[in-house]
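S.K.: pasting the structure only:
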């Protein structure tokens with residue numbers, strides 16, 4: 001019913017920048033929260049940042065001041081601008097859409113993207 005497609009990952013040197021995008025498509029009536037999580041090898045998946053439909057944001061302490069999340073509600077798309085990247089930012093980054101109202105249903109659902117690899121290395 002709903003698909004999330006991420007793009008923008010890749011290999012970057014320490015101190016560099018990347019911009020991730022995630023577009024949601026399908027029978028979407030509304031999306032309350034969109035966000036990014038990441039999972040490094042051997043570690044649990046963790047929240048990077050999320051943003052509500054009203055524009056309120058929340059960031060992990062480790063990325064505050066370096067990453068910026070934004071969204072285009074009309075396009076059901078969320079972005080993550082990542083600056084001053086560090087090797088410890090290396091992970092698979094997953095897009096998340098939470099409290100999604102699917103057209104024709106009464107429930108609210110959560111969806112995940114397939115993940116995009118970000119590698120920070122010299």
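M.R.: On my side now, so go ahead. Keep in mind that this is a model prediction, so the values were computed, not measured.

S.K.: let me know the secondary structure of residue 55.
M.R.: coil (DSSP: H, G, I helix; E, B strand; the rest coil).

S.K.: for the residue nearest the centre of the chain, give the beta-bridge partners.
M.R.: By CA atoms, centre = their mean, the chain has its centre lying nearest to residue 36, at 2.6 Å. With DSSP bridges as the criterion, residue 36 is bridged to residue 49, residue 95.

S.K.: now for the residue of the chain lying at maximal distance from its centre: which residues touch it?
M.R.: The C-alpha centroid of the chain is most remote from residue 104, which lies 26.0 Å away (CA atoms, centre = their mean). Residues in contact with residue 104 (CB atoms under 8 Å, 6 or more residues apart in numbering) are residue 27. For every residue, glycine as well, the C-beta is placed using N, CA and C.

S.K.: again with residue 51
M.R.: Taking CB under 8 Å, 6+ apart, one finds 33, 34, 35, 57, 58, 69, 70, 71, 78 in contact with residue 51.
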